[in-house]
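Colleague: fold the following for me, if possible:
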Amino acid sequence: YVENRRHAEAIDAADKAVSNAPPGSGVIAWASITQSRAYLETGRLSQAEQSLDRAVAVLPNLPMIHLHRGTLELMRQNNEQAIPHLQRAIQLKPGYSEAYNNLGVALARLGRLEEALAAHRQAYVADAENFTALYNVGATQEKLGRPDEAARSFEELADRAPRSVRARVRLARLAYARGD
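Modeller: Numbers count the residues shown, from 1 in each chain. Model prediction:
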């Protein structure tokens, strides 16, 4: 349901699954994760937190739970608090592209740009189809005052994802700044 943006149905289905599952069941954790995602996507952060609390009580070492906890903190603008959750997700699942990318976002918001760049690069290395991570590599390079590196990243993104308007806009802006 969540993939199809049918959030209310996802939340209801998860409630039913949790109600019918035996205590401590993995079904509770997975249903709660689905529910938390629907809540996150609709901006219902307190409910998302409650769902994640229920999930972590059952499966504390599930990387996705920690990813969602980190995402929740990012949405609350609690960047410092997001970092340990995202690092835990990566610890549990090395190469977790989405967690690396979100870690980069948290670090960038805190002004820790070199660390953010490393995290975004790791996200892209882990999943070469994670074009958001590649965009974030270029954006962070630009913030670091490395326009040539940023241009190469945005060119790669434009080549790999030809419909990426954002990459072309950033390339045009960089060209304008250089006087091209």
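Colleague: lowest-confidence helix or strand of this structure?
Modeller: helix 7-20 (a mean of 77; mean pLDDT, DSSP states H and E).
Colleague: chain center to the next helix or strand after that helix: distance?
Modeller: Sequence-wise, the next helix or strand downstream of helix 7-20 (DSSP states H and E) is helix 26-41. Relative to its chain's centre, helix 26-41 lies at 16 Å (C-alpha atoms, centre = their mean, to the nearest Å).
Colleague: all helices of the protein, in order?
Modeller: In the chain, helices defined by DSSP state H lie at 7-20, 26-41, 45-58, 63-75, 79-92, 97-109, 113-126, 131-143, 147-160, 165-178, listed in chain order.
Colleague: buried deepest among these, which one?
Modeller: Between these, helix 97-109 has the highest mean count of neighbours, a mean of 24, where neighbours are mean count of other C-beta atoms under 10 Å. Using the backbone N, CA and C atoms, a C-beta is placed for each residue, glycine as well.
Colleague: who touches stretch 167-180?
Modeller: With contact meaning C-beta atoms under 8 Å, 6 or more residues apart in numbering, stretch 167-180 is reached by 135, 138-139, 142, 147, 150-151, 154-155, 157-158, 161.
Colleague: and for stretch 137-149?
Modeller: Contacts of stretch 137-149 (C-beta under 8 Å, 6+ apart): 104, 108, 113-114, 116-117, 120-121, 124, 150-151, 153-154, 157, 167, 170, 174, 177-178.
Colleague: cutoff 6 Å now
Modeller: Taking contacts as C-beta atoms under 6 Å, 6 or more residues apart in numbering, the residues outside stretch 137-149 that touch it are 108, 113, 116-117, 120-121, 150, 153-154, 174.
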